[in-house]
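Participant: Need a 3D model of the sequence below.
(one chain, ligands or ions: 2)
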Amino acid sequence: MSHDRLQHSNPMGRAYTQPSQGLTTLVLPVDPAAPDPAAIRQAAAVLQHGGLVAFPTETVYGLGANALDAAAVQGIFAAKGRPAYDPLIVHLAGPEALPDVVADVPPLAETLAAHFWPGPLTLVLPRCPRIPLAVTAGGQTVAVRVPAHPVALALICAAGFPVAAPSANRFGRLSPTQAAHVLDDLEGRIDVLLDGGPTPVGVESTVLSLITPVPTILRPGGVSREALAAVLGQVDVAGRVFTAEDIAPSPGVLAQHYAPRAKLTLYQGSRRAVLQAMRTVAAQLAATGQRVGLLLAEGDAAAFAGLPVTVQSIETGGGLEGAARQLFTALRALDRAGVTAILARDFGARGLGLAIRDRLTRAAAGNVVCVTNET
Ligand code: TXA
Ligand code: MG
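Facilitator: Ligands and ions are numbered 1, 2, ... in the order given. A predicted model of the protein is given here:
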């Protein structure tokens, strides 16, 4: 993209207050391990001129702008349709840049950075005045992380400033784990997309507050609760995180987030009981003309033999790393298949299971069935 076009699309120095005007999104394919410096320079120049660049991180694709430029940051909110009350994560090229964006670096932040950065851990710390209030949604704290992805790191280095970036999806939609997902939601609303292939972790970073007396997980993500506890000893999980069998405020009460288009119902309980309940409901829905999609673990599909259903199965070995990597792609695939109802099973809370459970519970907007007895 030439700077001329950027200035033309941004004549008042305010980025993209009318995203419907239709930008052309330039897609630059890059090697995820060793991105072409020319492509990185081109994308960094767009950021330097107040533009918007989507880029891969190890978790999901981010939608970046200069974190020190309030007008550029406003462009992120406009492109995503994101409400101004939801603050953004500031991405750094390395932990040495932390004092530039926070008012205080407590020893615990240094310990966590040494263990988990670069990586999928976001720390909430006191904001330094350099960070515009547009980034922090008016608050006095700022969320910060160092992403573990060569493309993200090269882009931040070349830009020369911290990069504010939420996930590169329209507000309320599933986070993008592939460049095509970004284009589905944001084509024509952003300047550049660096296509570095699928993202390796697949769920967003763990957001950990260091403001609270005991470090508190505000959003479970790519660093597991167990891994944090091993370093911190004590770690709390915020009440608004969906953890165990504690779900279900009434359906519709929860703000829908991470949502596929079809209505999603989440089933929790023992595998056998859950599959039995899901089979019964799938058959009933199919009989009333619904197109049913199932999100299952590998090996579950046999329980639905003979039913007219669309199945997406995800790997559930180890600490659920495979499941996390495949989760959003599987949900998008069910959407693309045109299903009208999705029945998803819970995958437990070990490792990345907590993050998966949180995302599926939000996608279900409280529509969670706890199956206690086999019928
Ligand atoms: O993995 C990730 O975290 C991705 C990649 C692009 O880095 N980013 C991401 O950003 O998921 P976003 O904006 O989709 O989610 C950021 C989360 C939101 O839940 C937001 O409310 C929370 O972080 N957050 C941001 N700043 C905060 C703050 N100062 N205090 C508490 N929560 C904050
Ligand atoms: Mg997001």
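Participant: Helix or strand next in line after the lowest-mean-pLDDT helix or strand in the chain, which one?
Facilitator: Every helix and strand in the chain was compared by mean pLDDT, DSSP states H and E; the lowest is helix 3-9, with a mean of 36. The C-terminal neighbour of helix 3-9 among helices and strands, as given by DSSP states H and E, is strand 26-29.
Participant: Could you list the alpha-carbon positions for that following strand in PDB?
Facilitator: Extracted in PDB, the C-alpha atoms of strand 26-29 (Å, rounded to 0.1, in the frame of the first residue of the first chain):
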ATOM      1  CA  LEU A  26      -3.700  -5.800   0.900                       C
ATOM      2  CA  VAL A  27      -2.900  -9.400   1.700                       C
ATOM      3  CA  LEU A  28       0.900 -10.100   2.100                       C
ATOM      4  CA  PRO A  29       1.800 -13.800   2.400                       C
END
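Participant: Show me what from the stretch 101-250 of the chain comes close to ligand 1.
Facilitator: 120, 122, 124, 136, 139, 141-143, 147, 165-167, 204-205, 207, 218-219 (Cβ under 6 Å from any ligand atom). From N, CA and C alone the C-beta is placed, and that goes for glycine too.
Participant: what helices or strands is the helix or strand in which residue 46 is found leaning on?
Facilitator: Counting by DSSP H and E, the element that carries residue 46 is helix 37-48. On a contact count with 3 or more Cβ pairs under 8 Å, 6 or more residues apart in numbering; DSSP states H and E, helix 37-48 meets strand 26-29, strand 53-56, strand 61-66, helix 150-159, strand 192-195.
Participant: Mind telling me which residue is nearest the centre of this structure?
Facilitator: Closest to where the C-alpha atoms of the chain average out (Cα atoms, centre = their mean) is residue 204, at 3.9 Å.
Participant: how far away is that one from residue 281?
Facilitator: Distance, residue 204 to residue 281, by Cβ to Cβ, to the nearest Å: 29 Å.
Participant: same thing with residue 68?
Facilitator: 51 Å.
Participant: residues in contact with the nearest residue to residue 35 once chain neighbours are set aside?
Facilitator: Nearest non-adjacent residue to residue 35, counting by Cβ to Cβ, 6 or more residues apart in numbering: residue 151, 4.8 Å away. Residues near residue 151 by Cβ atoms under 8 Å, 6 or more residues apart in numbering: 30, 32, 35, 40, 55-56, 194, 196.
Participant: Export the residues you listed to a markdown table and append columns for neighbour count and distance to residue 78.
Facilitator: As requested, the contacts of residue 151 are arranged in a markdown table below (neighbours: other Cβ atoms under 10 Å; distance: Cβ to Cβ, whole Å):
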| residue | neighbour count | distance to residue 78 |
| --- | --- | --- |
| 30 | 24 | 26 |
| 32 | 19 | 28 |
| 35 | 25 | 27 |
| 40 | 23 | 25 |
| 55 | 32 | 19 |
| 56 | 31 | 22 |
| 194 | 28 | 20 |
| 196 | 24 | 25 |
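Participant: In helices, which of the residues of the stretch 101-250 of the chain next to ligand 1 fall?
Facilitator: Secondary structure from DSSP state H places residue 136 of these in helices.
Participant: Quick check: mean pLDDT of stretch 302-322?
Facilitator: For stretch 302-322, mean pLDDT is 96.
Participant: Give me the contact list for it.
Facilitator: Stretch 302-322 is contacted by residues 201, 224, 275-276, 278-279, 282-283, 286, 291-301, 323, 326-327, 330-331, 333-334, 337, 339, 347-348, 350-353, 356 when judged by Cβ under 8 Å, 6+ apart.
Participant: Keep only those of those that are in strands.
Facilitator: Those of the contacts of stretch 302-322 mapping onto strands are 292-297, per DSSP state E.
Participant: now those as JSON lines including pLDDT?
Facilitator: Listed next are the ones in strands among the contacts of stretch 302-322 as JSON lines, based on pLDDT from 0 to 100:
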{"residue": "292", "pLDDT": "98"}
{"residue": "293", "pLDDT": "98"}
{"residue": "294", "pLDDT": "98"}
{"residue": "295", "pLDDT": "98"}
{"residue": "296", "pLDDT": "98"}
{"residue": "297", "pLDDT": "96"}
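Participant: Going by distance to residue 114, which of these wins?
Facilitator: Of all these, residue 114 sits closest to residue 297, with 35.1 Å by Cβ to Cβ.
Participant: Now for the closest one: which residues touch it?
Facilitator: Applying Cβ under 8 Å, 6+ apart, the residues near residue 297 are 271, 313-316, 323, 345, 347.
Participant: swap the cut-off to 7 Å and go again
Facilitator: Going by Cβ atoms under 7 Å, 6 or more residues apart in numbering, residue 297 touches 313-314, 316, 345, 347.
Participant: Next: residue 163.
Facilitator: Residue 163 is in contact with 47, 64, 67, 91, 155-156, counting by Cβ under 7 Å, 6+ apart.
Participant: quick one, phi/psi of it?
Facilitator: Residue 163 has phi and psi values of phi -110, psi 120 when expressed as degrees, to the nearest 10.
Participant: which residues does it bridge with?
Facilitator: residue 66, residue 91 (DSSP bridges).
Participant: ok so, going back, any chance of CSV for the ones in strands among the contacts of stretch 302-322, columns distance to residue 80?
Facilitator: Output for those, formatted as CSV (distance: Cβ to Cβ, whole Å):
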residue, distance to residue 80
292, 30
293, 26
294, 30
295, 25
296, 31
297, 32
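Participant: Show me which of these is closest to residue 128.
Facilitator: For those, the closest approach to residue 128 (Cβ to Cβ) belongs to residue 295, at 41.8 Å.
Participant: Strands of the stretch 101-250 of the chain, residue ranges please.
Facilitator: 121-126, 141-145, 163-164, 192-195, 206-209, 216-219, 236-237 (DSSP state E, counting those that start in this stretch).
Participant: Go through those strands and name the closest to residue 262.
Facilitator: strand 216-219 (23.9 Å).
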